[in-house]
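# how does the following fold in three dimensions:
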Amino acid sequence: MKKPIAAVTADTLLADMKPINQKMADYAPRPLLNALGKAGLLPVILAYDDYADPEEFVETFDALVIPGGPNPSPRFYGEEPLWCIGPTYEKRDIFEIRLIKACLKMGKPILGICRGMQILNVALGGTLWQDMPSQNPKAFIQHMQKAPGNIATHYVEINKESRLHDILGDGLYVNSRHREGIKKLAPSLKEAARARDGIIEAVESRDNELVAAVQWHPENMEDGVMDPLFRAFADRIIRLK
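Modelled structure (predicted):
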């Protein structure tokens, strides 16, 4: 059986890469590619092209994976950037927003991870906390963890009515590397999990099985604890093909 193709959107290294003097290098996280491959998918890295529309890529893959990365630019949800936020890269924002809309129009599954969940929410009409420590006093949990990135540091409670509950159960400890968070949830999404301070940690589509996203980094967690998440994504692609 031919493996489904999962396109992973690339980040762009804005600084020079020494010693080969490579500039504007495109890349994706190796642990994520490995996790998708282990689940039975064929991962390919998808970089934006200044000479092609994002929609032109959609027929070349079966599902879209949007990994972590820099802050989505606040202008895409109608705000000005705060001093405290990190770097943004609008070319990636535009590329992913248009890919998301094209995939939904063509009925192709989407998995968002960390930034991927945030840009998904923005693409569908939601908003973000740009910097939870300064903007949201209720966010008392350390979401930008100081522990090594592969270590699970805080608990998430999973909605019993969600598809995620069928995959991961009532809840679990996850890693956490984000300062942004969902402020207003997009109308077409529903929450699937929350942290104990109320921050949304996972979302799903209200209407179908096309969309799933988590705020943590499942590709970095240890002991195969997130294997069921990636297998469920692969199974969903196969069912919808």
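# would you map the strands across the protein?
Along the chain, counting by DSSP state E, strands occupy 5-9, 11-13, 25-27, 42-46, 63-66, 110-113, 127-129, 154-158, 171-174, 181-184, 189-195, 200-205, 211-214.
# so which of these gets nearest Ala147?
In terms of C-beta to C-beta, the element of the strands of the chain nearest to Ala147 is strand 154-158, at 10.1 Å. Any C-beta I mention is one placed from the backbone N, CA and C, and that applies to glycine too.
# and the closest one, how far out from the chain's middle?
17 Å (C-alpha atoms, centre = their mean, to the nearest Å).
# with stretch 37-56 instead?
15 Å.
# same check, this time on stretch 101-120
8 Å.
# mean confidence (pLDDT) on that stretch, please.
Over the span of stretch 101-120, the pLDDT mean works out to 98.
# could you do stretch 39-48 as well?
Computed over stretch 39-48, the average pLDDT equals 97.
# stretch 222-229 too?
Mean predicted confidence for stretch 222-229 is 93.
# CA atoms only: put that stretch into PDB for me.
The C-alpha trace of stretch 222-229 is given here as PDB (Å, rounded to 0.1, in the frame of the first residue of the first chain):
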ATOM      1  CA  GLU A 222       9.900  10.500  25.600                       C
ATOM      2  CA  ASP A 223       9.100   6.800  25.700                       C
ATOM      3  CA  GLY A 224       6.700   6.800  22.800                       C
ATOM      4  CA  VAL A 225       3.900   8.300  24.900                       C
ATOM      5  CA  MET A 226       2.700  10.300  21.900                       C
ATOM      6  CA  ASP A 227       2.900   7.500  19.300                       C
ATOM      7  CA  PRO A 228      -1.000   7.000  19.600                       C
ATOM      8  CA  LEU A 229      -1.400  10.700  18.500                       C
END
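# residue ranges with poor pLDDT in this structure?
Scanning the chain for pLDDT under 70 picks out the ranges 15-22.
# try 80 this time
Residue ranges of the chain with pLDDT under 80: 1, 14-24, 241.
# tell me which of the strands of the chain sits nearest to Lys91.
strand 11-13 (7.3 Å).
# could you dump the strands of the chain to CSV with distance to Cys103 and mean neighbour count?
Formatted as CSV, the strands of the chain follow (distance: least, C-beta to C-beta, whole Å; neighbours: other C-beta atoms under 10 Å):
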stretch, distance to Cys103, mean neighbour count
strand 5-9, 9, 23
strand 11-13, 19, 17
strand 25-27, 20, 14
strand 42-46, 11, 18
strand 63-66, 5, 26
strand 110-113, 6, 26
strand 127-129, 21, 21
strand 154-158, 25, 18
strand 171-174, 25, 18
strand 181-184, 20, 19
strand 189-195, 15, 21
strand 200-205, 12, 24
strand 211-214, 9, 25
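# how about those in CSV, adding distance to Ile85?
Converted to CSV, the strands of the chain look like this (distance: least, C-beta to C-beta, whole Å):
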stretch, distance to Ile85
strand 5-9, 20
strand 11-13, 17
strand 25-27, 22
strand 42-46, 25
strand 63-66, 19
strand 110-113, 19
strand 127-129, 10
strand 154-158, 22
strand 171-174, 23
strand 181-184, 12
strand 189-195, 20
strand 200-205, 19
strand 211-214, 20
